[in-house]
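S.K.: structure here, sequence nowhere to be found:
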């Protein structure tokens with residue numbers, strides 16, 4: 001699910017000032033990116049300074065320290081100019097407050113800081129101060145004309161040269177609440193009418209008034225500016241039949257003209273913007289979505305807890321903090337045209353950010369080079385709530401999120417994504433409730449009554465009686481009428497249905513129940529074996545809910561039948577078993593008083609299921625780092641992997657030879673060990689996630705040497721076997737075709753194919769050459 005989004009990694013982290021003199025709120029850390037300064041980002045840190053970071057090598061190439069009493073109105077902008085013996089980096093920063101800036105000049109003063117870069121060394125920094133005629137909220141460097149665009153929160157737009165001499169000003173009045181402003185190169189804007197000479201830059205100014213989103217679109221060519229379009233969109237959408245009057249909390253627009261926003265009720269709508277010569281039209285794309293798994297904590301103002309970034313066509317990247325029980329930063333790639341999640345990735349909450357979660361988290365996304373997105377996470381409301389301490393416990397963090405540079409919106413990419421999408425959407429009561437005359441509704445009421453009276457055995461009897469009646473009525477008679485499952489679960493799915501199974505599980509795992517709800521392991525295992533359960537049906541995750549009831553047998557069954565078990569949940573249960581194995585063992589001669597103690601699998605049996613289960617390497621690495629940070633916990637798992645890694649390739653070759661001799665497919669390895677390739681893949685991910693921790697833990701060194709001694713011969717064997725690929729490939733293709741024909745039945749040969757085969761045989765006989773002939777020539 002995460003092949004389109006790579007694993008995010010941290011670029012830098014900065015302290016957050018807890019006390020500022022200026023009363024106006026500004027984000028603690030802002031990030032900007034200029035196409036003219038490719039591969040470098042400018043990070044503006046309040047009460048600290050400005051840093052220019054090389055994204056390819058992740059190091060700072062230039063810094064401007066400004067002091068703890070200086071705050072900025074927004075992100076600084078940098079550009080690079082080549083000179084004979086190096087390059088000059090020029091940074092423009094709008095000052096909100098500073099000891100040397102007068103109160104009347106706040107948000108109008110710009111510092112121009114120039115620094116010469118000679119190879120890897122920095123020259124002397126030169127700073128100048130310019131006071132502009134109006135306030136400035138954003139600075140943008142026009143790549144085509146080399147001018148600077150200055151935008152205020154009230155709609156004043158000015159074009160200036162590189163020394164900030166004002167060339168022209170356009171007043172685009174917006175007295176309402178300023179939200180954001182977007183800049184696009186004119187040549188990339190597909191929502192404009194085709195022109196021979198496109199404008200240098202397109203500016204989209206966004207503000208809100210009550211429940212209306214206001215848009216103003218400005219074209220900039222040289223120093224000439226003109227308003228080419230105005231429009232407005234109502235942010236009151238109806239979801240599940242109810243009207244909502246909400247303000248915008250997240251907004252994004254791309255050069256393709258796709259505008260999307262999320263309001264306070266977490267409903268999400270997308271629109272296609274089109275500008276013609278005489279009018280501006282805006283049309284909704286897809287359906288309005290209602291997000292369900294996002295955290296509502298402090299997500300009531302713009303940029304808090306959730307943010308958007310428009311990519312190509314109708315693709316939008318969404319970043320949000322998920323709700324309990326496993327709070328994390330979720331990165332989701334949506335296709336708004338089809339309303340599906342194409343890919344997802346998760347970032348654990350940074351330890352420096354964890355103390356400020358209750359205060360709220362500010363997020364921002366910024367598109368950098370192709371295939372890179374910058375994510376900034378900052379604590380919110382810190383300056384007004386934090387105690388006055390010498391050192392702040394809060395920090396802001398900047399990440400890089402790698403993306404597939406060839407992302408496109410296609411119906412082929414959207415097919416099959418509904419199950420993964422459903423876990424992020426709120427349920428629609430109209431579509432999820434069963435009809436009153438549905439016999440399944442009667443069964444649910446009957447079972448709920450039995451469970452309420454603490455009679456789970458009667459609930460079991462009612463369920464299996466219903467299954468027997470409906471199985472006998474809907475299918476052929478069988479000696480075991482409860483065997484309704486098929487290998488793909490289609491028959492059982494038709495019998496039960498998603499909504500029915502979800503409500504049935506809700507009877508056993510209800511969170512709102514006072515006390516521990518009654519549980520039926522028989523019904524749960526029957527549903528799991530029938531392949532009608534998915535992990536997303538249970539609030540708080542399926543395996544965790546089963547563990548709370550001590551039903552490890554159902555957990556082990558789930559690995560064979562449930563297709564969406566998360567890596568995080570899988571490893572969290574492995575951690576529980578590791579802790580249990582490390583507990584001091586009781587005296588075997590002592591009398592066992594608790595005869596009803598639940599069965600618990602051994603760590604070996606559980607890890608066998610985990611290693612054999614399909615996983616994503618990136619998500620598995622995150623889960624291991626989260627739940628198994630201690631190297632001592634990993635030793636037990638490494639010992640198992642060490643044993644499973646012995647002699648894997650030789651056994652695999654013997655199995656293949658048996659398969660060729662019998663012309664049938666034979667399962668690799670028995671039930672005592674997982675497939676060798678999956679063992680090596682799991683081992684590689686575990687070492688990637690925790691190799692440094694293992695090196696710092698001396699008891700693991702001998703085990704790591706043993707693993708290396710098992711794997712090194714396998715590598716040499718693979719290299720030698722590689723020489724046989726060319727010679728054996730024709731035989732492998734024939735063998736694969738024969739096995740497939742035996743399993744599916746050989747296709748009937750057509751008359752044309754028969755004539756070709758007969759002609760080829762006659763030619764071979766005439767030449768007198770078989771498949772192989774060894775001849776010796778003696779001279």
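M.R.: Received, thanks. Computed from a prediction, not measured in an experiment: that's the story for all the values here.
S.K.: need the next SSE after the lowest-mean-pLDDT helix or strand in the chain, C-terminal direction.
M.R.: Every helix and strand of the chain was ranked by mean pLDDT, DSSP states H and E. The lowest is helix 429-432, at a mean of 41. Next helix or strand after helix 429-432 toward the C-terminus (DSSP states H and E): helix 439-452.
S.K.: helix or strand: which one has residue 251?
M.R.: strand 248-253.
S.K.: would you pull up how far the helix or strand just after that strand lies from the middle of the chain?
M.R.: As assigned by DSSP H and E, the chain's next helix or strand after strand 248-253 is strand 258-263. Put simply, strand 258-263 sits 19 Å off its chain's centre (CA atoms, centre = their mean, to the nearest Å).
S.K.: neighbouring contacts of strand 258-263?
M.R.: Outside strand 258-263, the residues within contact range by CB atoms under 8 Å, 6 or more residues apart in numbering are 213, 215, 233, 235, 237, 244, 246-253, 268-273, 282, 285, 291, 306, 308, 310, 313-314, 316, 336. All C-beta spots, glycine's among them, are computed from the backbone N, C-alpha and C.
S.K.: quick one: which of those residues sit in helices?
M.R.: Of the contacts of strand 258-263, none are assigned to helices by DSSP state H.
S.K.: just the buried members of these?
M.R.: 213, 215, 233, 235, 237, 244, 246-253, 268-273, 282, 285, 291, 306, 308, 310, 313-314, 316, 336 (16 or more other CB atoms under 10 Å).
S.K.: in strands, which of those fall?
M.R.: Under the assignment DSSP state E, the buried ones among the contacts of strand 258-263 contribute 213, 215, 233, 248-253, 268-273, 282, 285, 306, 308, 310, 316 to strands.
S.K.: next structured bit after whatever helix or strand residue 180 lives in?
M.R.: Here residue 180, judged by DSSP H and E, is contained in strand 177-185. Downstream of strand 177-185, the next assigned helix or strand under DSSP H and E is strand 201-209.
S.K.: show me what that following strand is packed against.
M.R.: Applying 3 or more CB pairs under 8 Å, 6 or more residues apart in numbering; DSSP states H and E, one finds that strand 201-209 contacts strand 148-151, strand 177-185, strand 212-221, strand 248-253.
S.K.: thought residue 574 was touching residue 640?
M.R.: No: using CB atoms under 8 Å as the test, residue 574 is too far from residue 640 to be in contact (10.5 Å).
S.K.: what do those two both touch?
M.R.: 603, 607.
S.K.: tell me where the stretch 501-650 of the chain has helices.
M.R.: For the stretch 501-650 of the chain, the helices defined by DSSP state H, counting those that start in this stretch cover 521-529, 542-548, 552-561, 567-582, 603-612, 617-627, 631-644, 648-662.
S.K.: make TSV out of those and add distance to residue 42, mean pLDDT and mean neighbour count.
M.R.: Shown next, in TSV, are these (distance: least, CB to CB, whole Å; pLDDT from 0 to 100; neighbours: other CB atoms under 10 Å):
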stretch	distance to residue 42	mean pLDDT	mean neighbour count
helix 521-529	53	89	20
helix 542-548	43	87	21
helix 552-561	48	90	19
helix 567-582	35	89	18
helix 603-612	44	91	19
helix 617-627	28	89	20
helix 631-644	39	89	19
helix 648-662	50	67	14
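S.K.: select, out of those helices, the one closest to residue 456.
M.R.: helix 521-529 (8.8 Å; CB to CB).
S.K.: flag every buried residue along the lengthiest helix in the chain.
M.R.: The helix that spans the most residues within the chain, counting by DSSP H, is helix 701-722. By neighbour count with 16+ other CB under 10 Å, helix 701-722 contains the buried residues 703-704, 706-707, 710-711, 714.
S.K.: which of these sits closest to residue 518?
M.R.: residue 703 (44.8 Å).
S.K.: now do the contacts for the closest residue in space to that closest one that isn't next to it in sequence.
M.R.: Nearest non-adjacent residue to residue 703, counting by CB to CB, 6 or more residues apart in numbering: residue 638, 5.3 Å away. Applying CB under 8 Å, 6+ apart to residue 638 gives the contacts 686, 694, 700, 703-704, 707.
S.K.: just these now: which is nearest residue 394?
M.R.: Nearest to residue 394 among the contacts of residue 638: residue 694, at 31.5 Å, using CB to CB.
S.K.: helix, strand or coil for the closest one?
M.R.: Here residue 694 is recorded as helix under DSSP: H, G, I helix; E, B strand; the rest coil.
S.K.: separation between it and residue 603?
M.R.: Using CB to CB, to the nearest Å, one gets 18 Å for the distance from residue 694 to residue 603.
S.K.: with residue 124 instead?
M.R.: 62 Å.
S.K.: same thing with residue 320?
M.R.: For residue 320 relative to residue 603 (CB to CB), the value is 35 Å.
S.K.: run a quick neighbour tally on residue 453.
M.R.: 11 (other CB atoms under 10 Å).
S.K.: so what pLDDT did it get?
M.R.: Residue 453 is assigned a predicted lDDT (pLDDT) of 83.
S.K.: out of the helices and strands packed on strand 201-209, flag the one nearest residue 38.
M.R.: It's strand 177-185; of these, that one is closest to residue 38 (CB to CB) at 13.7 Å.
S.K.: neighbours around the nearest residue to residue 273 once chain neighbours are set aside, how many?
M.R.: Excluding the flanking residues, the one nearest residue 273 by CB to CB, 6+ apart is residue 257, at 3.9 Å. Counted with other CB under 10 Å, residues neighbouring residue 257 total 22.
S.K.: what do you get for residue 51?
M.R.: Neighbours of residue 51 using other CB under 10 Å come to 22.
S.K.: list the helices and strands the helix or strand where it lies packs on?
M.R.: If you go by DSSP H and E, residue 51 is part of strand 49-54. In this structure, strand 49-54 packs against strand 9-15, strand 40-45, strand 59-65, strand 86-97, with contacts taken as 3+ CB pairs under 8 Å, 6+ apart.
S.K.: so what strands line up beside the first one?
M.R.: Its sheet considered, strand 9-15 pairs with strand 395-402 (antiparallel) by DSSP bridges.
S.K.: what residues of the helix or strand following the partner strand count as buried?
M.R.: Later in the chain than strand 395-402, the nearest helix or strand by DSSP H and E is helix 411-414. For helix 411-414, burial by neighbour count (16+ other CB under 10 Å) applies to 413-414.
S.K.: what does helix 411-414 rub up against?
M.R.: Counting by CB under 8 Å, 6+ apart, 335, 337-338, 340, 342 sit against helix 411-414.
S.K.: same check, this time on stretch 278-287
M.R.: 215, 217, 228-231, 233, 258-259, 269-274, 314, 336-339.
S.K.: from the buried residues of helix 701-722, pick the one nearest residue 352.
M.R.: Nearest to residue 352 among these, with distances taken as CB to CB, is residue 704, at 30.9 Å.
S.K.: contacts only, for the closest residue to that closest one other than its chain neighbours.
M.R.: Excluding its sequence neighbours, the residue lying closest to residue 704 (CB to CB, 6+ apart) is residue 694, at 6.4 Å. If you count contacts by CB under 8 Å, 6+ apart, residue 694 has them with 631, 634, 638, 687, 700, 704.
S.K.: tell me the contacts of the first one?
M.R.: Contacts for residue 631 were tallied using CB under 8 Å, 6+ apart; they are 690, 693-694, 696-697, 700.
S.K.: so which of those comes closest to residue 759?
M.R.: Out of those, the member with the shortest distance to residue 759 (by CB to CB) is residue 690, at 62.5 Å.
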